[in-house]
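Chemist: Sharing a sequence plus its predicted fold:
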Amino acid sequence: MPTPNPTLTSGVTTSSWFSTAAPLPSFEPLRENLSADVVVVGGGIAGLTQAYLLGLEGKKVVLLEDGELASGETGRTTAHLSFALDDRYTTLEELFGQDGARLAADSHRAAVDRIEQIVRKESIACDFSRLPGYLFLPQSGTPKELDEELKAAHRAGLVDVERLPDAGAQGFQTGECLVFPNQGQFHILKYLRGVAEAIQRQGGRIFTRTHVAEVHGGSGARVVTTGGQEVQAQAVVIATNTPFNDRVVMHTKQHPYRTYVIGVRVPKGSVTKALYWDTADPYHYIRLQEVENEDYDLLIVGGEDHKTGQEPDPEEHLRCLEFWVKANFPTAGQVDYRWSGQVMEPVDGLAYAGRNPLDDDNVYIITGDSGHGMTHGTLGPMIITDLILGRENPWAKLYDPGRVTVKFESVKEYVKENINVAAEYTDLLTGGEVKTAEEVAPGTGAVLGRGPLKVAVYKDPQGQVHECSAVCPHLHCIVHWNKLESSWDCPCHGSRFDAYGKLMTGPANSDLAPVE
């Protein structure tokens, strides 16, 4: 039987979800060779949804997760279920045309509908609710932004979006805004518990603490674990936030960002329950989570994004969030939770779900959440289920990982992001951040130059020094210390490692090397 397991694999901070729900079940590691119709790698919302949808179609599914279910980025979400997309319909229309923007709206709206269907079909008690979402302006915003977005949203088929002088919400003045009706929210861990239980009822098999080292497509499709076990299948789906089985192509088309979240107490009923987002860059995103048997609710507020591995003081971003919340929500009180997460930003604003480029036709990936991990992590499996079953899917071309968007804005973003990556390689030529391990304070880390080597030095709270190579095994960038999450983060493609060099997040697929 599964046993509760609180293990997190994406940093040392803890999101509010893990304190407001029973732990998700833990499963045994894979210890034998197996065969299946489809093997799914990744135990977040995308992987579990993929296994569930294929199980509904009668497919025999094996799911493998490196850590524990939802222990990666899914457990760090704010769990908005929205089709008011971050890159705005004005931008999506420029990049993909009116038809593409309409398909984007349809797909995210269908993803929220599918989540609601799953909740009802499987009787999952996960605090799911429908509610309005409000897009409002920051102090530097202009009314023209709302005018243009309203027209673009209507052209995308969202004809019930309206412009308001104010949301009329209790406890928060939005000012001029657009209202997007019928958005949603839920408790992600409660939802995934129900999905995991449904997969087991279907006959699907889940294995945690099982690291996949190799992925092979074609007629002999299989995955191989670090323990040497194999799962043979007719198709392989990699649903690991960013694909570790693609070394270069996808990592030039999307880029990693850290985002920050705080959970703040507000008196129960003092803030209207809704979703809220502003048009700032980086933008703020806000929702309420009800807390049972208490006289307060949690106001969950995120934002302050920046490129992964390129910020020396991540705590400052949390302080900025706290300042913003205190300035905008008069009833805001004690801050109970502070955490960060990682989002993959495609150069053209839409996720990737489909066949892995330059790979066999039966190897699929889901990646590029662009801040909409809950809906991307649902519509991606919907697309791939149809592809595996040989059915037409209206969104498959739009989300095709092999697509090339040649519009000016997309090309400009592609060039800018990849120049940023190239600049990070100059760290290979520097002398490091410190000259000796003695300069590293207890409980922190720094990169030390030792001749031609770059060494990631972590000094634990007891003063013991731990060393490993500072060279990311993916494409050989130099990692940077993240003092909020006590991790080594790659500033090029977002691989992350714990303080001792153990892999937490791809695209790297191995630990930082020991120092010879």
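Modeler: Thanks, I have the structure now.
Chemist: Could I get the buried residue list for the longest strand belonging to the chain?
Modeler: Longest strand of the chain, by residue count under DSSP state E: strand 254-267. The neighbour-count criterion (16 or more other Cβ atoms under 10 Å) identifies 254-266 as the buried residues of strand 254-267. For glycine as for every other residue, the C-beta is placed from the backbone atoms N, C-alpha and C.
Chemist: would TSV of those with pLDDT be doable?
Modeler: Formatted as TSV, the buried residues of strand 254-267 follow (pLDDT from 0 to 100):
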residue	pLDDT
Q254	91
H255	93
P256	94
Y257	94
R258	95
T259	95
Y260	97
V261	97
I262	98
G263	97
V264	98
R265	98
V266	98
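Chemist: Can you tell me which of those residues is nearest G354?
Modeler: The shortest separation between G354 and any of the buried residues of strand 254-267 is 14.1 Å, and it belongs to Q254 (by Cβ to Cβ).
Chemist: what residues are up against the closest one?
Modeler: Taking Cβ atoms under 8 Å, 6 or more residues apart in numbering as the contact definition, Q254 lies against 242, 344-347, 352, 367-368.
Chemist: quick one, helices of the stretch 251-400 of the chain?
Modeler: Listed in chain order, the helices of the stretch 251-400 of the chain (DSSP state H, counting those that start in this stretch) span residues 314-328, 373-389.
Chemist: how about JSON lines for those helices, with mean neighbour count added?
Modeler: JSON lines is the format used below for these (neighbours: other Cβ atoms under 10 Å):
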{"stretch": "helix 314-328", "mean neighbour count": "16"}
{"stretch": "helix 373-389", "mean neighbour count": "24"}
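Chemist: Can you tell me which of those helices is nearest to A437?
Modeler: Ranking these by their distance to A437 (criterion: Cβ to Cβ) puts helix 314-328 first, at 22.9 Å.
Chemist: packing partners for the closest one?
Modeler: strand 254-267, strand 296-307, strand 335-346 (3 or more Cβ pairs under 8 Å, 6 or more residues apart in numbering; DSSP states H and E).
Chemist: give me that answer again for 6 Å
Modeler: Packed against helix 314-328, as judged by 3 or more Cβ pairs under 6 Å, 6 or more residues apart in numbering; DSSP states H and E, are the following elements: strand 254-267, strand 296-307.
Chemist: What strands line up against the last one, and which way round?
Modeler: The partner list of strand 296-307 in its sheet, established with DSSP bridges, is strand 254-267 (antiparallel), strand 285-290 (antiparallel).
Chemist: Would you reformat the ones you listed as CSV and include distance to S71?
Modeler: CSV is the format used below for the strands paired with strand 296-307 (distance: least, Cβ to Cβ, whole Å):
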stretch, distance to S71
strand 254-267, 17
strand 285-290, 20
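Chemist: Output the longest helix belonging to this protein.
Modeler: Taking DSSP state H as the assignment, the helix of the chain that covers the most residues is helix 88-121.
Chemist: Just the buried residues of that helix, please?
Modeler: 88-96, 100-112, 114-116, 118-119.
Chemist: now the angle from it to helix 373-389?
Modeler: Interaxial angle of helix 88-121 relative to helix 373-389 (axes from the mean of the first three to the mean of the last three Cα atoms, to 10 degrees): 80 degrees.
Chemist: Just after helix 88-121, pick out the following helix or strand.
Modeler: Using DSSP states H and E, the helix or strand that follows helix 88-121 in sequence is strand 129-136.
Chemist: what's that following strand in contact with?
Modeler: Contacts to strand 129-136, defined as Cβ atoms under 6 Å, 6 or more residues apart in numbering, come from residues 82, 84, 167, 174-175, 177-184, 273-278.
Chemist: how does it look with 7 Å?
Modeler: 82, 84, 149, 167, 174-185, 273-279 (Cβ atoms under 7 Å, 6 or more residues apart in numbering).
Chemist: Which neighbours in the sheet does it have, and how are they oriented?
Modeler: Strand pairing for strand 129-136, determined by DSSP bridges: strand 177-185 (antiparallel), strand 275-278 (parallel).
Chemist: Next, format these as CSV and append mean pLDDT and mean neighbour count.
Modeler: Shown next, in CSV, are these (pLDDT from 0 to 100; neighbours: other Cβ atoms under 10 Å):
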stretch, mean pLDDT, mean neighbour count
strand 177-185, 98, 21
strand 275-278, 97, 24
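Chemist: how about Y364, what does it touch?
Modeler: For Y364, counting by Cβ under 7 Å, 6+ apart, the contacting residues are 235-237, 354-356, 384, 387.
Chemist: try 10 Å
Modeler: Contacts were defined as Cβ atoms under 10 Å, 6 or more residues apart in numbering; by that measure Y364 touches 38, 40, 50, 217, 235-239, 243, 353-356, 380-381, 383-385, 387-388, 401.
Chemist: Likewise for A235?
Modeler: Taking Cβ under 10 Å, 6+ apart as the criterion, A235 is in contact with 36-40, 54, 59, 217, 221, 355, 360-364, 384, 387-388.
Chemist: One more: A446?
Modeler: Shown here is A446, whose contacts under the criterion Cβ under 10 Å, 6+ apart are 432-434, 437, 439-440, 455-459, 470, 480-481, 483.
Chemist: low pLDDT regions in the chain?
Modeler: Screening the chain residue by residue with the criterion pLDDT under 70, one finds the ranges 1-8, 406-431.
Chemist: now the closest residue to D87 other than its chain neighbours: how far from G184?
Modeler: If you skip the residues right next to it in sequence, D87 has G349 as its closest partner in space, 3.4 Å away by Cβ to Cβ, 6 or more residues apart in numbering. Distance of G349 to G184, computed by Cβ to Cβ, to the nearest Å: 21 Å.
Chemist: returning to that earlier point: among the contacts of Q254, give me the pair with the biggest separation.
Modeler: Pairwise distances across the contacts of Q254 (Cβ to Cβ) peak at 14.3 Å, for the pair T242 and V347.
Chemist: For the two, work out which one has more neighbours and name it.
Modeler: Per other Cβ atoms under 10 Å, whichever of T242 and V347 has more neighbours is T242, with 25 against 22.
Chemist: close enough to count as contact, the more buried one and P346?
Modeler: No - T242 is beyond contact range of P346, at 11.2 Å (criterion: Cβ atoms under 10 Å).
Chemist: can I assume V38 is in contact with N362?
Modeler: Yes - in this structure, V38 sits in contact with N362. The criterion is Cβ under 10 Å, and the distance is 9.1 Å.
Chemist: Compare those two (neighbour count), which wins?
Modeler: Comparing V38 with N362 by neighbour count (other Cβ under 10 Å), the higher total belongs to V38, at 27 against 19.
Chemist: Phi and psi next, for the nearest residue to the more buried one once chain neighbours are set aside.
Modeler: With Cβ to Cβ, 6+ apart as the measure, A235 is the residue that lies nearest to V38, at 4.8 Å, once sequence neighbours are left out. Dihedral angles of A235 (phi, psi; degrees, to the nearest 10) stand at phi -150, psi 150.
Chemist: quick one: A235 from I383, how far?
Modeler: 13 Å.
Chemist: Equivalent analysis for H317, please.
Modeler: Between H317 and I383 the distance is 33 Å, computed by Cβ to Cβ.
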